[in-house]
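Peer 1: output the structure for:
(chains A, B, C and D)
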Amino acid sequence: MWNIINLSCRCNNTKSHIKLWTSTIFHRSFSEELEFRVLNLKTTRTQQSARKRLQKPDVLPPRTNKMPIDQDWGNVWPGPRSFHPATVPLPIRQGFTQKKAAPPSKYANAELMKIPNFLHLTPPVIKRQCESLKRFCTPWPQGLETDDKCEKYFPLHTASSSYCYSSPSIRDPLARIVTLQLKLSSLQLNEHAKDKFRRIVGDRYNEENDVVTIVADRCPLRQQNYDYAMYLLTAVYHESWNVEEWEKNKSDLDMEIYDWNVSRSKKNIESIFAKSSNEILKSDVYSNAVTSLMNEGENDYTVSKYGEAVRELLQLPP
Amino acid sequence: MFTRPLLLSSKLELTRCFKFPQNGMSQYPSYYIKPIYSNDKQTDLIKSGEAQKLAHVPTRAALNDQTSSIYHDDLICLLVNYLMKDGNKLLARDLVEKTMEKIKRVQLEKYHKLANEEEKEKVVLNPRAIIHQAITNVKPILQLTPIKRGGVTYQVPVPITDRRSQFLSMKWLIEAGNEKERTVRFYDQFAYELIDAANNTGRAVKKKQDLHKQCEMNRAYAHYRWS
Amino acid sequence: MLNSLVRRSLLRKVPVQPIILPVAHLSLETQPLERLQSFRTSENNPLNHSDDHIGQFYTIPSEHKKKLFLYGGLPRSYDTQTKTFNESCLMIRKPSVDVINCLRHVDYSKPAVRFILYGKKGQGKSLSLAHIIHYGYSAGFLIVHVPWVGGWLRRCQESSISEFKPGCIDTNLDAAAWLVHFKHQNSHLLDNPDLRTTQDHVWSKRESTPKDVPLGELVDHGINRIKFASQCIVVLAEEIKQLSREGKCKTLVVVDGFNGFFYPNTRILTEKKEVVHPKNVTVTEAFLNLSRFDWKNGAAVVTVDELAIAEKDHISHFPRYLLGRDGFEHMDPFVPVAVPTYTKLEFTSCMDYYRERRWVLPLDGQDEELQFLSAMNPYRLMLLCNSV
Amino acid sequence: MRILPALWARGNPKEPVPFQEILPLKLRPFVSGKGDKTSNVCCLYEMSLVFGCLKENEFKESACGREIKSFQECFTNYNKQKYITKEREAKGILTPGEKRLPYRQLNKLLRMYPNEK
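Peer 2: Next up is the predicted model:
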């Protein structure tokens, strides 16, 4: 208590400080007889009221305790939902804390809640759902039993996404994009048209699986994009059948593959032997060798094959 | 055994596990033995059965100039290292190899000039043998060390260890190779110096003899050694 | 097995142990190297070389060497070796024997046949070419030999603007040097009275070479009047073709680094410091002309070499890549002849030769180690043997 | 205790000087290693032989193989001996009957038999 007064005095100016100091001495001598009135400068509570106990709501025991073993799981977990330990009657553990200790149990296990689960898609539930969907289905069309047949009769694939969003607008901005795919071999094109088609579509053609992919995304609506993609396909198809005047100027440097029949190589051997290439002995072996050398690239095999062909052509010892 | 003690065991246990080498710079603990890379030595060890014992002893990795090639030569590796500047070992090794090439060319020229078969046999064609001979010939037996006595520094002749004399020998040979016209290649000059030294002539040998003469002149100071 | 385990553990590295095995043991230890009866052949005349001589060394007589290779044609490292070995020996190898065999059987009344030697660096293209030149000399061919195209296009001594063809660049010093080389190589044939010029050549107002003078005079003119040396080569090429067509001589065109003529740039600069394309260099025309097939009584043997082009383009050693499209079409159809690495037989023969010449001292396990280190590449082997 | 600071602490002496025990009147229980350094001079005789021989033969070493060999052997022996003694001293092994003891051994003995109090 004395300290409190002293402390409070220190903040005053010097005059009052001295005054107060004397008064405290005065008080001290009488302290035993009289009840000392405490100068309560700083309001301190004399009695602390008991703090209210936080009432925790009663936690029910986990639901799994009451589950009968022959229950219908589909009713317990009807739709997609994040993991709930009290509902899933499985002793699952997940995670890692300490070495050689068991993984944490399912209660308050964030890791289990984070991972997507498929507890709503148990086989009996799927079966039941399929059964109920069946009455909306029509029989599979005859003549389309295999994938090859589907491919043959329906060569054109269109794809677009149709997700709904849970944001204020449920619309998916990507829903307007239409992707159109078809195999180039399913179009009726001759050599020239095929070449021109490939040149027009450029890198939209995948050489490995022979698929042309056209993506239309410039119009605001899906239908418009679909129409535009179909228009593009039609236009490209018809354009590739057109033969322009300037296409006759295509030189052998513009060729995508080496064609021996229009090459200098053919002219060379024709002028060496002074006859047409068909009449020259072994010219077919030679032309094959040159073509493979040019098209497959150089390696020991193609170069040596070329050498053998030339030796046969010029009648040199091997 | 090494996984846990960091957490659990006392410092004492730790020190028992690791014995750090004396110099503290080697990456290997002291109980690692040096690799035996020479093919012959390995065969000997296998024959004598020693290899069985060494099979499970921790061994250091071989250095990059320690190979089991039949042309491996410790002295020449040392020469390469002495010749090396700024860690450019590639260049140093190249220079030594070219030196050996030049030695061979010079010696073969001599060989072909001689008409007599007996004399031909005497020409040393092995460049390694010539280098070894040259280094042996240039090794000094004494050296001078400056010792201060009464404010005067005396050059006192003292005996020299084998290693130091070998180092001085190679150093002088390299210095002799470097004393040349700007247009002459180092390896050519070095080759000539080595051949000369192998015949006990040349600048490096002269340098050794000069040192010996100096030592002889200062023989009176020989009893001044640090005391 | 136990031994090998122990051997491995002796060389352990810490903490992961890459194993350093003794080098000699990696190569095919179990197979003893096959060896020729003799690594030398006394058959020094390349006219008689056949498949039986493959892997053997033959000596080029010193007067032949002086005649053919005085002004270049042999690699410099080979030259120093011959000086050290006190003799010039060449190994008879498959590619050169192959070409020689073909040259023997070619029907010279038909258009000229072209051969292209190709192979990786240091596998012996130039030396195979030297062997073929020696054959050509012995067989009485007129030899048109370019020692190294790179010497003209990548390291030329001087250049000037051509007077005869606008837009072209002359390299007259090199051209004159080549004319000297040509004259020296063919001095015995140039005395032949049949070899006469077939056309008038007017050099300037006062100077001209009339028709029907010996070919040697034309060459001499190029040497004496260095200003016309480049043009002289062009004219000479045409004359040689014409003479061969008429059957007055048989010609062997040998060019080392032929792909240099088709590489898109050279190191020659014009006065405006523009890079010159090889087709704008006068001498190129002459040798492209000689390597065409539109003449008879001739053959061309050329090499394509990565070293003749800029280092950034050393990608492949195959002829189609090195010649480019134009070059391929120019040469097609040609006979590609691969110059491979040493076979085991050739390798042993080469090592035996080195040992006989006291270049390499015999040592156990030497062949296996060098075979492994050199990867059977002849040039690499030579470098390795230099210091052992 | 250092002697000099002790002397300074005393101030100027006045006659008659009273005895003052500045340092304890007993021997120190250790010796310093300073006097233990031996001379490094060795093989002087062999060296002189080598010099004599070299001078006679105009500094051709091949003529003095024997002298040089003995000189070098002497030096290697000397080094070897020095190394061995150093090793032993470092280990502190006592040699019975040794008259001149190295300081480490002396210290060891002194520690074994300390001054009586």
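
Peer 1: only C-alpha atoms for contact and neighbour calcs from this point on.
Peer 2: OK.

Peer 1: helix, strand or coil for C:A176?
Peer 2: helix (DSSP: H, G, I helix; E, B strand; the rest coil).

Peer 1: ok, now A:T179?
Peer 2: strand.

Peer 1: what residues of the helix ranked longest in chain C count as buried?
Peer 2: The longest helix of chain C (DSSP state H) is helix C:229-245. Applying a neighbour-count criterion of 16 or more other C-alpha atoms under 10 Å in any protein chain shown, one finds C:229-245 buried in helix C:229-245.

Peer 1: ok, that helix near chain A or not?
Peer 2: No - using C-alpha under 8 Å from any C-alpha of the partner chain, helix C:229-245 never reaches chain A; the gap is at least 14.5 Å.

Peer 1: now do the next helix or strand after that helix and helix C:229-245, the angle between them.
Peer 2: Sequence order places strand C:251-255 as the next helix or strand after helix C:229-245, per DSSP states H and E. Relative orientation of strand C:251-255 and helix C:229-245, computed by axes from the mean of the first three to the mean of the last three C-alpha atoms, to 10 degrees: 140 degrees.

Peer 1: and the average pLDDT for the helix or strand where A:A193 lies is what?
Peer 2: Per DSSP H and E: A:A193 is located in helix A:191-201. Helix A:191-201 shows an average pLDDT of 92 in the prediction.

Peer 1: give me phi/psi at the closest residue to chain C within the stretch 101-250 of chain A?
Peer 2: Relative to chain C, the nearest point of the stretch 101-250 of chain A is A:K250 (17.0 Å; C-alpha to the nearest C-alpha). Geometry field for A:K250 lists phi and psi as phi -60, psi 120, criterion degrees, to the nearest 10.

Peer 1: after the helix or strand of chain D with the lowest mean pLDDT, next one along is what?
Peer 2: Counting by mean pLDDT, DSSP states H and E, chain D has its least confident helix or strand at helix D:3-10, which shows a mean of 66. Counting by DSSP H and E, the next helix or strand C-terminal to helix D:3-10 is helix D:44-56.

Peer 1: just checking, what packs against that following helix?
Peer 2: Packing contacts for helix D:44-56, counted by 3 or more C-alpha pairs under 8 Å, 6 or more residues apart in numbering or on different chains; DSSP states H and E, involve helix D:65-91.

Peer 1: the inter-axis angle of the very next helix or strand once past the helix it packs on versus helix D:65-91?
Peer 2: Per DSSP H and E, helix D:65-91 leads on to helix D:103-112 as the next helix or strand towards the C-terminus. Orientation check (the same axes, to 10 degrees): helix D:103-112 against helix D:65-91 gives 20 degrees.

Peer 1: give the other helices and strands that helix D:103-112 contacts.
Peer 2: Contact here means 3+ C-alpha pairs under 8 Å, 6+ apart; on that basis helix D:103-112 packs against helix D:65-91.

Peer 1: quick one: the helix it packs on to chain centroid distance?
Peer 2: 17 Å (C-alpha atoms, centre = their mean, to the nearest Å).

Peer 1: with stretch B:108-127 instead?
Peer 2: Distance, centroid of stretch B:108-127 to centroid of chain: 28 Å (C-alpha atoms, centre = their mean).

Peer 1: what average pLDDT does it get?
Peer 2: Throughout stretch B:108-127, pLDDT has a mean value of 92.

Peer 1: pull that stretch out as PDB, backbone CA atoms only.
Peer 2: Below are the C-alpha coordinates for stretch B:108-127, written out as PDB (Å, rounded to 0.1, in the frame of the first residue of the first chain):
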ATOM      1  CA  LEU B 108      65.500 -40.700 -82.900                       C
ATOM      2  CA  GLU B 109      67.200 -38.200 -85.200                       C
ATOM      3  CA  LYS B 110      70.500 -39.100 -83.400                       C
ATOM      4  CA  TYR B 111      69.600 -42.700 -83.700                       C
ATOM      5  CA  HIS B 112      69.100 -42.600 -87.400                       C
ATOM      6  CA  LYS B 113      72.300 -40.600 -88.000                       C
ATOM      7  CA  LEU B 114      74.500 -43.200 -86.400                       C
ATOM      8  CA  ALA B 115      75.600 -45.900 -88.800                       C
ATOM      9  CA  ASN B 116      77.000 -48.400 -86.300                       C
ATOM     10  CA  GLU B 117      74.400 -50.800 -84.700                       C
ATOM     11  CA  GLU B 118      76.200 -50.900 -81.400                       C
ATOM     12  CA  GLU B 119      76.200 -47.100 -81.100                       C
ATOM     13  CA  LYS B 120      72.600 -47.100 -82.100                       C
ATOM     14  CA  GLU B 121      71.700 -49.300 -79.200                       C
ATOM     15  CA  LYS B 122      73.300 -46.900 -76.800                       C
ATOM     16  CA  VAL B 123      70.900 -44.000 -77.700                       C
ATOM     17  CA  VAL B 124      68.300 -43.700 -75.000                       C
ATOM     18  CA  LEU B 125      64.900 -43.500 -76.700                       C
ATOM     19  CA  ASN B 126      62.700 -43.600 -73.600                       C
ATOM     20  CA  PRO B 127      61.800 -40.000 -72.800                       C
END
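
Peer 1: now check that stretch, is it near chain C?
Peer 2: Yes - applying C-alpha under 8 Å from any C-alpha, one finds stretch B:108-127 touching chain C at B:L108, B:E109, B:H112, B:L125, B:N126, B:P127.

Peer 1: buried stuff in that stretch?
Peer 2: Result for stretch B:108-127 [16+ other C-alpha under 10 Å]: buried residues B:L108, B:Y111, B:V124, B:L125, B:N126, B:P127.

Peer 1: same question for stretch B:200-212.
Peer 2: B:N200, B:T201, B:G202, B:R203, B:A204, B:V205, B:K207, B:K208, B:Q209, B:L211, B:H212.
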